[in-house]
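**Student:** structure for this input, please:
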Amino acid sequence: MAVKKLSAKISPTFALLLQGQLRNYKKKITGRRWTKEAKITALRMFKISPTCYRLLRRLFHLPAPTTLKTLLNRVPFSVGINHPVFEVMKKHTQLQKPSNNEYTLMFDEMSLKKHLQYNPKDDVIEGYQDHASQGRSPLIAAYALVFMITGIRQRVKQPIAHFFSSGFSTADRLAVLIKEVLHQCLKAGINIAAIVCDMDGVNRRALNILGASLQHPYIIVDNKEIITLFDPPHLLKCFRNLFIKYDIDCSTNISSNVVIGRGIAKWSHVKKFYEADNTNPNFVYAPVLKKEHLNSNTRQKMKVKLATQVLSHSVSGGMYAKISAGELTTNATVTANLINSMDKLFDTLNSDCSDLRRGKPHATNLRKTVHFSNVLRKRKSSFQL
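**Tutor:** Residues are numbered from 1 along each chain as shown. I've put the predicted structure just below:
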């Protein structure tokens with residue numbers, strides 16, 4: 001009764017948790033009981049941060065993680081397209097504005113530890129290669145292919161399908177699965193504006209099979225045009241890896257001995273900057289820059305963080321300062337310009353909030369303004385030879 005009186009002054013979530021405290025504070029652990037709403041609220045906290053949830057359990061009476069996992073096991077999740085999720089999403093899209101019903105479809109594969117397990121509920125052995133409607137095979141699964149939709153104008157992330165493979169999916173099979181998932185999304189009223197994936201060779205071939213190309217970066221499914229995109233972090237990482245191996249002929253604002261307005265950007269300029277920047281023990285322009293950034297091993301080349309720290313505003317700004325001081329040759333200006341351009345381009349394509357304190361005006365959401373159009377047009381022209 002007291003909780004009902006307080007519910008008008010506190011949030012519904014807090015009232016629900018308070019009610020659980022009052023009901024279970026005198027009971028033993030095995031005797032505590034929780035409502036379905038309380039379990040769902042606790043599950044949300046557990047999914048955001050299991051470590052934080054364990055800390056909260058020391059301070060308050062909350063459902064045990066095993067209780068939450070038991071609740072999850074009641075939800076039917078089968079390999080392939082998750083139809084219960086689509087039923088919920090279909091009702092959700094009917095209640096929201098058309099502008100909020102815009103999503104991107106993301107997919108990627110991850111490695112799994114090979115394991116077979118009997119599921120008594122469905123009377124099936126799980127752990128084999130399973131492509132749902134495309135059939136199963138006796139090969140043990142080593143990879144999981146997951147499809148997830150993310151909201152463009154609202155913070156929504158929802159996995160909608162998953163498949164198991166013994167090896168990397170073939171391009172033909174991946175193209176079929178992409179089309180199958182897209183068809184189900186459009187059937188449920190989910191407006192898919194774009195597909196996002198990394199630059200894996202299988203992904204590129206699958207998109208080519210569906211009709212996408214460099215000149216026409218889109219596919220058509222159920223008479224709807226869907227843009228195909230590669231995720232910017234992976235693009236930046238690939239650019240860094242290629243930049244380590246090859247020099248880049250690019251436009252510049254200085255005149256070279258060969259062609260006016262063009263120059264050669266070299267990875268060796270970055271190494272020379274690192275050496276010059278670390279001669280002063282009291283001040284460095286790029287303190288984050290370490291040896292692993294310049295001489296990365298195979299594992300380190302997979303980290304996007306190292307790529308963003310090299311192709312950053314602090315490195316380009318430091319190179320400009322060293323060039324002005326005569327510690328680097330003027331030819332390094334081409335490399336500094338390229339790094340500065342890549343930093344701005346990455347901020348434009350991969351940020352959602354501005355950071356003016358660090359001098360990052362491009363790190364914000366894309367808008368339909370002349371400023372962003374000019375930025376993207378300028379970056380596009382700089383890559384065209």
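
**Student:** strands along the stretch 201-350 of the chain, start to end?
**Tutor:** For the stretch 201-350 of the chain, the strands defined by DSSP state E, counting those that start in this stretch cover 218-221, 224-230, 248-255, 260-265.

**Student:** among those strands, which is nearest residue 196?
**Tutor:** Counting by C-beta to C-beta, residue 196 lies closest to strand 224-230 out of the strands of the stretch 201-350 of the chain; the figure is 4.9 Å. (Glycine included, C-beta is placed from N, CA and C.)

**Student:** could I get the buried residue list for that closest one?
**Tutor:** When burial is assessed from 16 or more other C-beta atoms under 10 Å, strand 224-230 yields the following buried residues: 226, 228, 229, 230.

**Student:** just stretch 275-286 next, same as before
**Tutor:** Within stretch 275-286, the residues scored as buried using 16+ other C-beta under 10 Å are 276, 277, 284, 285, 286.

**Student:** can you check stretch 160-174 too?
**Tutor:** Buried residues in stretch 160-174, counted by 16+ other C-beta under 10 Å: 160, 161, 162, 163, 164, 165, 169, 171, 173, 174.

**Student:** so, low pLDDT: which residues of this structure?
**Tutor:** Within the chain, the stretches with pLDDT under 70 are 1-9, 252-261, 352-359, 367-372, 381-385.

**Student:** okay, domains of it per the record?
**Tutor:** Residue ranges for the domains of the chain, per automatic domain parsing: 80-230, 235-382.

**Student:** give the buried residues for the longest helix along the chain.
**Tutor:** Longest helix of the chain, by residue count under DSSP state H: helix 332-350. Neighbour counts over helix 332-350 (16+ other C-beta under 10 Å) mark 332-349 as buried.

**Student:** what does stretch 140-155 give?
**Tutor:** 141, 142, 143, 145, 147, 148, 149.

**Student:** do a quick rundown of the helices in the stretch 251-385 of the chain.
**Tutor:** Counting by DSSP state H, counting those that start in this stretch, residue ranges of the helices within the stretch 251-385 of the chain are 267-277, 291-294, 304-310, 313-324, 332-350, 370-382.

**Student:** what's the offset of the second one from the middle of its chain?
**Tutor:** Computed by C-alpha atoms, centre = their mean, to the nearest Å, the separation of helix 291-294 from the middle of its chain amounts to 24 Å.

**Student:** just the C-alpha atoms of that helix, please, in CSV.
**Tutor:** Taking Å, rounded to 0.1, in the frame of the first residue of the first chain, the C-alpha atoms of helix 291-294 are listed here in CSV:
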residue,chain,number,x,y,z
LYS,A,291,56.2,1.4,-31.4
GLU,A,292,53.3,-1.0,-31.9
HIS,A,293,51.5,1.7,-34.0
LEU,A,294,54.4,1.8,-36.4
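
**Student:** what is the burial count for the spatially closest residue to residue 90 that is not a sequence neighbour?
**Tutor:** Excluding the flanking residues, the one nearest residue 90 by C-beta to C-beta, 6 or more residues apart in numbering is residue 188, at 4.3 Å. A count of nearby residues for residue 188, using other C-beta atoms under 10 Å, gives 19.

**Student:** do you know how far residue 188 is from residue 82?
**Tutor:** Taking C-beta to C-beta, to the nearest Å as the measure, residue 188 falls 11 Å from residue 82.
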